[in-house]
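Novice: Sharing a model that was predicted from the sequence below.
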Protein chains: 2
Amino acid sequence: MRSDHSSPDSAAAIRALGARVTPARVRVLQLLQASDRPLSHREIAARATDFPLDRVTLYRVLDWCVANGLARRFVDEARVARFSAGGEADHTRHAHFHCDVCGRVYCLERIAPAAPRLPRGFRRSLVEMNIRGRCAQCGKEAR
Amino acid sequence: MRSDHSSPDSAAAIRALGARVTPARVRVLQLLQASDRPLSHREIAARATDFPLDRVTLYRVLDWCVANGLARRFVDEARVARFSAGGEADHTRHAHFHCDVCGRVYCLERIAPAAPRLPRGFRRSLVEMNIRGRCAQCGKEAR
DNA sequence: GTGTCAAATGCAATATGGTTGCATTTGACA
DNA sequence: TGTCAAATGCAACCATATTGCATTTGACAC
């Protein structure tokens, strides 16, 4: 246990890449790791109020995380990018659920998209499966 | 065969909904129907140079098509909306392939996403499957 | 500790894709 | 041919993301 709130894991993951361990990277990675669902740029900014974090820096940190396999990015139905901890490989092993009501995105860890056979000449890099509908929370509130 | 270029099908489809048959709707629907892959707003505008078509009108026509089941909308990796002829039902019966190189989107008519079992309380409205990679065309050019 | 320097950051300006409000035009029908 | 709601065009606006550049800072050598 540490006296400060920094997660040694996120800092270590950054250092392991031979990259500079900066407060912005550590904090953003912590937030992603602490969330059970993918976060938008907006949501991350809202959670990082304890910390001075420029919009542009946040974009750059997120891009950096994705480029280095620390996070995965995808785009939801409302055209906003969402990020979650874990590399591409992690997140293509399961499906995502997009709630039409609240707009939240859930990782469905137990649902794995099968890799289908492609037409001649096409090469696959990854498969993603998105399910839309109403999440348990919104279903509860609706009755 | 008609002497003008208007497809009787698109006009008929619009009329069948009890809606007004306007040049903008007919032309946009024709373009979508004539394409073998989903088109972005930009791509449609580029193809409709023969015809005065306001940006906003195009957005509204597209929204109207989607709302009335004449077209399907989805969002690609670059956060741009894409449209193709055919209602939601048509396009959730097959997967889409997004080329990482040229950005084009293909309908994979022969690949059907299986509807998985969801966690308790979640209700599905539709399932979509997106495959990313390199298309046959770009694969050919690369060698 | 202190100096060094590329990497990372902050800020302002810009780009892109899409939406809203409102006045004008037009397709369908009497 | 007149009527009127529906559809359109225009201007202004909004959200998300990116670029260029000057400044700051983490890591490492000393």
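Specialist: Now that the structure is in, tell me what you want to look at.
Novice: which other helices and strands contact the longest strand seen in chain A?
Specialist: Using DSSP state E, we find that the single longest strand of chain A is strand A:123-134. With contacts taken as 3 or more Cβ pairs under 8 Å, 6 or more residues apart in numbering or on different chains; DSSP states H and E, strand A:123-134 sits against strand A:95-99, strand B:123-134. C-beta: built from backbone N, CA, C; applies to glycine.
Novice: now check the helix or strand following the first one, is it near DNA strand D?
Specialist: Looking back up the chat, that one is strand A:95-99. Next along the chain after strand A:95-99, taking DSSP states H and E as the criterion, comes strand A:105-108. No: Strand A:105-108 lies out of reach of DNA strand D by Cβ under 7 Å from any atom of the strand, never closer than 13.1 Å.
Novice: Check whether strand A:105-108 comes near chain B.
Specialist: Yes: counting by Cβ under 8 Å from any Cβ of the partner chain, contacts between strand A:105-108 and chain B involve A:Leu108.
Novice: Now do the buried residues in that strand.
Specialist: A:Val105, A:Tyr106, A:Cys107, A:Leu108 (16 or more other Cβ atoms under 10 Å in any protein chain shown).
Novice: Ok, stretch A:42-56 next?
Specialist: A:Glu43, A:Ile44, A:Ala45, A:Arg47, A:Ala48, A:Leu53.
Novice: now swap in stretch A:18-25 and tell me
Specialist: A:Ala24, A:Arg25.
Novice: for the record, mean pLDDT for it?
Specialist: Taken as a whole, stretch A:18-25 has an average pLDDT of 96.
Novice: and that stretch, does that touch DNA strand D?
Specialist: Yes: using Cβ under 7 Å from any atom of the strand, stretch A:18-25 reaches DNA strand D at A:Arg20, A:Val21, A:Thr22, A:Pro23.
Novice: Which of those fall in helices?
Specialist: Among these, DSSP state H puts A:Pro23 in helices.
Novice: Tabulate the residues of stretch A:18-25 next to DNA strand D in CSV, adding columns for distance to A:Thr57.
Specialist: Listed next are the residues of stretch A:18-25 next to DNA strand D as CSV, based on distance: Cβ to Cβ, whole Å:
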residue, distance to A:Thr57
A:Arg20, 13
A:Val21, 15
A:Thr22, 9
A:Pro23, 10
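Novice: Tell me the one of the buried residues of strand A:105-108 nearest chain B?
Specialist: A:Leu108 (7.0 Å; Cβ to the nearest Cβ).
Novice: Let me know the pLDDT of that closest one.
Specialist: Reported pLDDT for A:Leu108: 85.
Novice: Likewise for A:His5?
Specialist: 41.
Novice: Please state the offset of stretch A:122-137 from the chain centre?
Specialist: Mean-position distance between stretch A:122-137 and its chain equals 14 Å (Cα atoms, centre = their mean, to the nearest Å).
Novice: Quick check: buried residues in that stretch?
Specialist: Counting neighbours by 16+ other Cβ under 10 Å, stretch A:122-137 gives A:122-123, A:126-136 as buried.
Novice: Among these, give me the pair with the biggest separation.
Specialist: A:Arg123 and A:Ala136 (37.5 Å; Cβ to Cβ).
Novice: so who does the residue nearest in space to the middle of chain A touch?
Specialist: Central residue of chain A (Cα atoms, centre = their mean): A:Ser84, 1.2 Å from the mean position. Contacts for A:Ser84 (Cβ atoms under 8 Å, 6 or more residues apart in numbering or on different chains) come out as A:Leu32, A:Ser35, A:Arg37, A:Pro38, A:Leu39, A:Ala71, A:Arg72, A:His91, A:Cys107.
Novice: now the host helix or strand of the first one, how far from the chain's geometric center?
Specialist: Spelled out, that is A:Leu32. Assigned by DSSP H and E, A:Leu32 belongs to helix A:23-34. Relative to the chain's own centre, helix A:23-34 is displaced by 11 Å; criterion: Cα atoms, centre = their mean.
Novice: cool, and stretch A:26-35?
Specialist: With Cα atoms, centre = their mean, you get 9 Å for stretch A:26-35.
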